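In: test case, fold it:
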Amino acid sequence: MTYLLPIEWTDTMIPLQNRCPESDIEDIKKMFEKDTGLKFEEYFQEIDPIPIGVASLAQVHIAKLRKNGEKVAVKFQHPSLMEFVPLDIFLTKNVFEWMKKIFPDYSLTWLGDELQESIYVELDFMNEALNAQKTTEYFKNYKKLTALRVPKVYEARKRILVMEYISGSRLDDLNYLQEHNISRSEVSSCLSNIFNNMIFTPGVGVHCDPHGGNLAIRYIDPSKSDNNHNFEIILYDHGLYRNIPNDMRVNYAKFWLALIDKDQESMRKYGKAFACITDEQFPLLAASITDDIFFIR
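Out: From the prediction side, this is the model:
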């Protein structure tokens with residue numbers, strides 16, 4: 001039996017993916033000139049002052065480079081971010097500490113630790129450029145299977161990222177898929193190949209933020225395609241990656257094999273190994289992964 005969450009829950013958070021409050025373009029210009037030592041007009045021939053997407057950490061503008069007139073996507077960190085991030089971390093950790101005291105069985109203090117560990121990595125766009133380069137290099141041998149496209153990075157600074165401009169439609173835009181005769185099953189298969197490669201392959205980093213705002217799809221003429229599909233799946237925002245220990249990858253893979261074999265004892269064994277859970281917590285883990293409340297009955 002499938003249980004669907006109310007649209008009030010599922011749709012309310014969608015604006016956080018790419019429609020957050022935007023920073024003023026004048027503040028963006030000041031930050032650019034401070035970080036690069038260049039005038040805005042020296043670097044860009046033109047720039048659209050209205051961003052095409054605004055997330056919590058940054059916003060993206062379409063621009064043309066002064067040196068060659070190429071159309072690019074430029075990711076600018078919100079200029080005021082560094083001023084408020086330490087406060088956000090402090091408040092988050094303290095709120096979860098108080099919640100733990102009130103609800104000791106539902107500790108979320110790990111979220112505060114995770115935020116503190118990951119936020120400063122995401123704020124350095126040099127890391128994002130490196131992750132994008134590594135992902136492109138790895139998947140270049142898997143074009144026939146994945147149809148993955150990672151925008152090229154032309155220049156990276158800590159708070160500014162200049163990238164190849166590649167537009168697309170949201171993956172959940174079913175009308176777009178139908179209009180361009182794109183197979184949903186092929187798209188699903190490509191997505192599985194992309195993220196299973198990341199999760200189960202030793203030495204490959206895992207993209208940790210693959211929400212609807214960071215994935216897009218675009219039609220391509222099959223005669224001009226270098227893969228076996230009539231589409232490309234575009235993966236944006238490579239700021240947050242994790243490198244999974246190999247023993248965890250192995251235990252997670254064995255968990256899924258046990259799940260396919262309907263072997264609950266092996267599921268329990270490997271679930272405890274990769275997720276560090278207790279016997280009492282196993283039913284909730286199994287139910288959350290399989291979407292089957294049978295495990296918690």
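
In: please make it C-alpha for all contacts and neighbour counts, starting now.
Out: Fine.

In: which residues of the stretch 151-297 of the chain fall in strands?
Out: 153-156, 160-164, 169-170, 206-207, 215-219, 231-235, 241-242 (DSSP state E, counting those that start in this stretch).

In: for the strand or helix carrying residue 32, name the packing helices and strands.
Out: Taking DSSP states H and E as the criterion, residue 32 maps to helix 25-36. For helix 25-36, the elements it packs on are helix 40-43, judged by 3 or more CA pairs under 8 Å, 6 or more residues apart in numbering; DSSP states H and E.

In: for the helix it packs on, C-alpha coordinates in PDB please.
Out: The C-alpha coordinates for helix 40-43 follow below in PDB (Å, rounded to 0.1, in the frame of the first residue of the first chain):
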ATOM      1  CA  PHE A  40      31.900  44.400 -13.200                       C
ATOM      2  CA  GLU A  41      31.800  45.900 -16.600                       C
ATOM      3  CA  GLU A  42      35.400  44.800 -17.400                       C
ATOM      4  CA  TYR A  43      34.500  41.100 -16.900                       C
END
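
In: list the buried ones in that helix?
Out: 40, 43 (16 or more other CA atoms under 10 Å).

In: output the contacting helices and strands for it.
Out: helix 25-36.

In: pLDDT on the helix it packs on, on average?
Out: Throughout helix 25-36, pLDDT has a mean value of 95.

In: what lies in contact with it?
Out: 38, 39, 40, 49, 76, 78, 79, 157, 159, 160 (CA atoms under 8 Å, 6 or more residues apart in numbering).

In: over to stretch 111-120?
Out: Against stretch 111-120 from outside (CA under 8 Å, 6+ apart): 89, 92, 93, 96, 240.

In: where does pLDDT dip in the stretch 151-297 of the chain?
Out: Applying pLDDT under 70 to the stretch 151-297 of the chain flags residues 291-297.

In: go with 50
Out: 293-297 (pLDDT under 50).

In: for the residue most central in space within the chain, give me its contacts.
Out: Residue closest to the average C-alpha location in the chain (CA atoms, centre = their mean): residue 209, at 2.3 Å. Residues near residue 209 by CA under 8 Å, 6+ apart: 237, 240.

In: what is the end-to-end distance of stretch 252-272?
Out: Terminal residues of stretch 252-272 lie 10 Å apart, using CA to CA, to the nearest Å.

In: what residues of that stretch count as buried?
Out: Buried-residue list, stretch 252-272, by 16+ other CA under 10 Å: 252-256, 258-259, 266-272.

In: and if you look at stretch 59-78?
Out: 59-65, 71-78.

In: let me have the buried residues of stretch 252-272 in JSON lines, extended by distance to residue 202.
Out: What follows is the buried residues of stretch 252-272, written out as JSON lines (distance: CA to CA, whole Å):
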{"residue": "252", "distance to residue 202": "13"}
{"residue": "253", "distance to residue 202": "12"}
{"residue": "254", "distance to residue 202": "15"}
{"residue": "255", "distance to residue 202": "17"}
{"residue": "256", "distance to residue 202": "17"}
{"residue": "258", "distance to residue 202": "21"}
{"residue": "259", "distance to residue 202": "22"}
{"residue": "266", "distance to residue 202": "23"}
{"residue": "267", "distance to residue 202": "22"}
{"residue": "268", "distance to residue 202": "24"}
{"residue": "269", "distance to residue 202": "22"}
{"residue": "270", "distance to residue 202": "18"}
{"residue": "271", "distance to residue 202": "19"}
{"residue": "272", "distance to residue 202": "21"}
